[in-house]
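Predicted model, plus sequence, below.
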Amino acid sequence: MFSGRERQRLAGWALVFPTHRAKYCAMNGPPGRLGWVDESRSPAGMTERRATAKAEAGTAVLRSNGRMLRIPFAELEGGIFEALVRLGLAPERAKLSARLTAETDRDGVRTHGIARLPRFAEMIGNGSIFPANQPEVVGSFGAMERWTGHRGPGNVAAYAAMARAMELAKLHGLGAVALADTTHWQRGGSYGWQAADAGFAAMCWTNTMPNLPPWGATSPALGNNPLILAIPNGAEPIVLDMAMSQFSYGTLTKYRERGQQLPVPGGYDAQGKLTTDPGAIEETYRALPIGYWKGSGLSFALDVLGAMLSGGRATHQITNDPARETGVSQIFLAVDPGALGTIEEMRAVVRGAIGSVHDATPVDASDPPRYPGEGTLRVREESLRLGVLVDESQWGKVFELGR
């Protein structure tokens, strides 16, 4: 039997991943391709398994290029589930949270999937997140409800809030839930996809700790306050998920870790000059708002409106310590298009708009224009076919959390 550390690096190249079937991965065939090997088998018995895995053309197996791994979605979800249960979430809530997290990586948003689990664990440890706490309705006003999250797991509370907004929209045509005292919702786009996949149009946003200077200032006083807009369109909905900064801080970290410059200026360096250096922007905390002063104004308005409607905290009342960023305010709006006309009429509008975007003359013929959410669908299909692409070190951290 191998120790935990030995199983992580069998023969210098293997990765343990946490599943209830207790398997480890061993080198399989050419470099970069891994297959599954039962822990109970001896190394001599691996040959047959390797040959079988190589013959399974089109089947997703664990693969690696030395830094990134491709993991079957079910294995990814199962590993996250085990980690969340160990962190104190009840099994049903852990199941939902694990699915939302795995779907985030499946869709290519690697800054907000398993990459956030170590921070989630840290915040449970320091008392900023209470894994057993659930959201509660504290007020009802026709088509709108006010909730408190009691600082429980943010993605579980957000999913419940959007689900309730859709129920209210079914009754009234429009539904809204204003959620106070909650925690980081991970990928905000998850709740846009949730609504659009159910046939609802939706808008939601959250405020954050101060991490964005107002236009004309050098110190952070605004949040980058992600805003999501979703429009149903059958299996190909439109989902816009964007922060109020040109690049989210998760994206800045991703570029820095890869040793890459940003494609366009994303903030200011220590000399007050616009820069494409992600590390310099992380140091100054002077990210560039989208649309300059317009993004600054939109961030401010979203923050104030969210705090006012939810009865929760505004950005200036939230700590600027990322490890204790809690008590945020979020808004979830859902619209039932069927209350306004036929579904076919609505889809005709969407199809015409998408066609217009696709017909626009591209700057680069190899990279044609696409609508928000279109790229996500392509990444999703690839992830389900080949396996979900994850960072090897981050996956190792999930394993450690699940032990």
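Yes, it's here.

domain assignment for the protein?
4-125+385-402, 136-245+289-339 (automatic domain parsing).

any chance of these in CSV, with mean pLDDT, distance to residue 261 and mean neighbour count too?
For the C-beta atoms, the positions are set from N, CA and C on the backbone; glycine is no exception. Below are these laid out as CSV (pLDDT from 0 to 100; distance: least, Cβ to Cβ, whole Å; neighbours: other Cβ atoms under 10 Å):
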stretch, mean pLDDT, distance to residue 261, mean neighbour count
domain 4-125+385-402, 68, 17, 18
domain 136-245+289-339, 97, 17, 21
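
Nearest to residue 351, out of those?
Nearest of the domains of the chain to residue 351, taken as Cβ to Cβ: domain 136-245+289-339 at 7.6 Å.

where's the closest one relative to the chain centroid, distance-wise?
Its chain's average C-alpha position is 14 Å from that of domain 136-245+289-339, according to Cα atoms, centre = their mean, to the nearest Å.

Now do that domain: distance from first to last residue.
28 Å (Cα to Cα, to the nearest Å).

same check, this time on stretch 333-346
Using Cα to Cα, one end of stretch 333-346 lies 18 Å from the other.

Pull the residues that contact it.
162, 165-166, 168-170, 173-176, 195, 199-204, 232 (Cβ atoms under 8 Å, 6 or more residues apart in numbering).

and what of stretch 294-302?
205, 207, 212, 214-215, 222-225, 227, 244-246, 289-291.

Which single one of these is nearest to residue 264?
Nearest to residue 264 among the contacts of stretch 294-302, counting by Cβ to Cβ, is residue 246 at 7.2 Å.

which residues touch that closest one?
Residue 246 touches 264-267, 287-290, 295, counting by Cβ under 8 Å, 6+ apart.

number of nearby residues for residue 365?
Per other Cβ atoms under 10 Å, the neighbour tally for residue 365 reads 7.

Could you do residue 366 as well?
5.

so is it in a helix, a strand, or just coil?
coil (DSSP: H, G, I helix; E, B strand; the rest coil).

what's residue 80 in contact with, if anything?
Per Cβ under 8 Å, 6+ apart, neighbours of residue 80: 97-98, 101-102, 114, 117, 398.

Closest one to residue 331 out of the contacts of stretch 294-302, please.
residue 205 (5.7 Å).

what are the phi and psi angles of the residue nearest to that closest one when sequence neighbours are not counted?
Leaving aside its sequence neighbours, residue 205 sits nearest to residue 227 (Cβ to Cβ, 6 or more residues apart in numbering; 4.5 Å). Torsion angles at residue 227 (phi, psi; degrees, to the nearest 10) stand at phi -120, psi 130.

So which residues of the stretch 101-250 of the chain form strands?
136-141, 144-148, 174-183, 201-206, 227-231, 238-242 (DSSP state E, counting those that start in this stretch).
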